[in-house]
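Visitor: Everything below, folded, please.
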Amino acid sequence: MPHEIKLPSLSAGMETGTLARWLKQDGDTVEEREILAEIETDKATMELEAPVSGILGGIAFLDGQENVPVGSTLGILFANQDDYAKFNLRSTSVTIPNAVKQKAREASISAEFISTSFAHPEKIIAQEPRTKVSPLARRLARANSVTLDGIEGSGPRGRIVRIDIERALKNKQVLSRAPTISKSDTVNTIPSTIDGERIPHSPMRKAIARRLSQSKATIPHFYLRTECVVDDILELRKRINASRIAEKISINDFMIKAFAYALAQTPQANIVWTDESMIALTQVDIAVAVATDGGLITPIVRNADKKSLSAISSEVRSLAMKARSGKLSPSEFEGGSASISNLGMYGVSEFSAIINPPQSMILAVGAVERRPVCKGDELGVANCIACVLSVDHRAIDGALAGDFLKTFKSALEQPLSLLV
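Guide: Here you go, the predicted structure:
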């Protein structure tokens, strides 16, 4: 029996995805769990596996197709060559205009092939299909004077349902309340005469822009800065790496361990804000910012406070490699207690980071620099790192954030406490 290949929800809240590319072609024989295609979400590029063995056909979306709704039929896996040949005979018995080929083909795959088999090729209509709307959605649209043109349906096979009309109404209300801004006043307006290549936004880039804009607009950030003397860490790291008892430990590994230790010692700060309540987290999961070609992603070290430096180091390397190759699974980048971002390797002395919602904190780590410090009554020179903590004031007050940062600084300056 033919098996539809549906676009699954690959991350929490995912509504659409981009079909980056097919790795198998129409007519290819594939085995169960073999990789069929790459799907781009707003977080990463994910691999789509074949749910069953069969012959691939009926491809409804082409490489690079954006905004494919979750649940859409991407193609079909046929059990044998006879089924595949009959489908091809049916789908090629009429000529479909290029402008509507993809929509008509997807509609025919789901609506006719699966339900009526191969018996009626004359049922394929060489016209653009009508917009599918549920009766409730049509009544709601008519009552509120909402035009259906341009609304993307989230129901089965692109059908417009009630929630799509409600979203359109919300957008309409927001636009009606927004002040009128002339095109010349818009900060994003670029003169049409400017030279340069137009690079389309990737789903990840759009997601980064949306989430960070939302964070700065809705989260009341406040910032705490401290300077940590890391002479002891540098010496301890040198001894550990020289002993070769573990893979090389980085300064960032110490930072992650100290960050997790401080969060475990101040559990009141291990919290996230929601509109209904605050959620006290039960484990310490540290998200580590990793730069990729497509943008920034934050894979997570779970239970970081309970892991050794060598375990953290190994896990961070593995997660970073998977992030840069687009191989992260949703469980490896969703959630997290707080984030840490390190730009010290680029020579950045100090910076402030934007909170990654729904987390309540992010630590920005700068470069190791030689600076004057007071040791008792004497002035000396030491290796120091500037750390800036960005905090969500809705969830965490200044005193609690200060206590957390004090614990972090103490652990970093006395690194033996991180080894026991």
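Visitor: Every contact and neighbour count from this point should use C-alpha atoms.
Guide: Noted.
Visitor: quick one: buried residues of the helix or strand where Arg138 lies?
Guide: Taking DSSP states H and E as the definition, Arg138 sits inside helix 135-143. If you call a residue buried by 16 or more other C-alpha atoms under 10 Å, then helix 135-143 has these buried ones: Ala137, Arg138, Leu140, Ala141.
Visitor: Turn the residues you listed into CSV, including pLDDT.
Guide: Shown next, in CSV, are those (pLDDT from 0 to 100):
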residue, pLDDT
Ala137, 76
Arg138, 79
Leu140, 76
Ala141, 80
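Visitor: Turn those residues into TSV, including distance to Ala20.
Guide: TSV is the format used below for these (distance: C-alpha to C-alpha, whole Å):
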residue	distance to Ala20
Ala137	31
Arg138	33
Leu140	35
Ala141	33
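Visitor: nearest to Gln359, of those residues?
Guide: Taking C-alpha to C-alpha as the measure, Ala137 is the one of the buried residues of helix 135-143 closest to Gln359, at 35.9 Å.
Visitor: Quick check: that closest one touching Val161?
Guide: Yes: counting by C-alpha atoms under 8 Å, Ala137 does reach Val161; the two are 5.2 Å apart.
Visitor: how near is the closest residue to Thr292 other than its chain neighbours to Tyr84?
Guide: Once flanking residues are discounted, Thr292 sits nearest to Arg324: 5.1 Å by C-alpha to C-alpha, 6 or more residues apart in numbering. Distance of Arg324 to Tyr84, computed by C-alpha to C-alpha, to the nearest Å: 37 Å.
Visitor: Check the average confidence over stretch 206-220, would you?
Guide: Averaged across stretch 206-220, the pLDDT comes to 89.
Visitor: Please export the C-alpha coordinates of it as PDB.
Guide: Extracted in PDB, the C-alpha atoms of stretch 206-220 (Å, rounded to 0.1, in the frame of the first residue of the first chain):
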ATOM      1  CA  LYS A 206      14.500  35.000  10.300                       C
ATOM      2  CA  ALA A 207      14.100  33.100  13.600                       C
ATOM      3  CA  ILE A 208      17.100  34.800  15.100                       C
ATOM      4  CA  ALA A 209      15.900  38.200  14.100                       C
ATOM      5  CA  ARG A 210      12.400  37.500  15.400                       C
ATOM      6  CA  ARG A 211      13.400  36.000  18.700                       C
ATOM      7  CA  LEU A 212      16.100  38.600  19.600                       C
ATOM      8  CA  SER A 213      13.800  41.500  18.600                       C
ATOM      9  CA  GLN A 214      11.100  40.000  20.800                       C
ATOM     10  CA  SER A 215      13.600  39.500  23.600                       C
ATOM     11  CA  LYS A 216      14.800  43.200  23.600                       C
ATOM     12  CA  ALA A 217      11.300  44.500  23.200                       C
ATOM     13  CA  THR A 218       9.600  42.400  25.900                       C
ATOM     14  CA  ILE A 219      12.300  41.400  28.500                       C
ATOM     15  CA  PRO A 220      13.500  44.100  30.900                       C
END
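Visitor: got a list of contacts for it?
Guide: Among residues not part of stretch 206-220, those counted as contacts by C-alpha atoms under 8 Å, 6 or more residues apart in numbering are Asp42, Lys43, Gly295, Leu296, Ile354, Ile355, Asn356, Pro357, Asp392, His393, Arg394.
Visitor: dump the residue contacts of the third one.
Guide: Contact analysis of Gly295 by C-alpha under 8 Å, 6+ apart lists Met204, Arg205, Ile208.
Visitor: Return the subset of those lying in helices.
Guide: Mapping these onto helices (DSSP state H) picks out Met204, Arg205, Ile208.
Visitor: now, among those residues, which is nearest to Leu169?
Guide: Using C-alpha to C-alpha, Ile208 is the member of the ones in helices among the contacts of Gly295 that lies nearest Leu169, at 25.4 Å.
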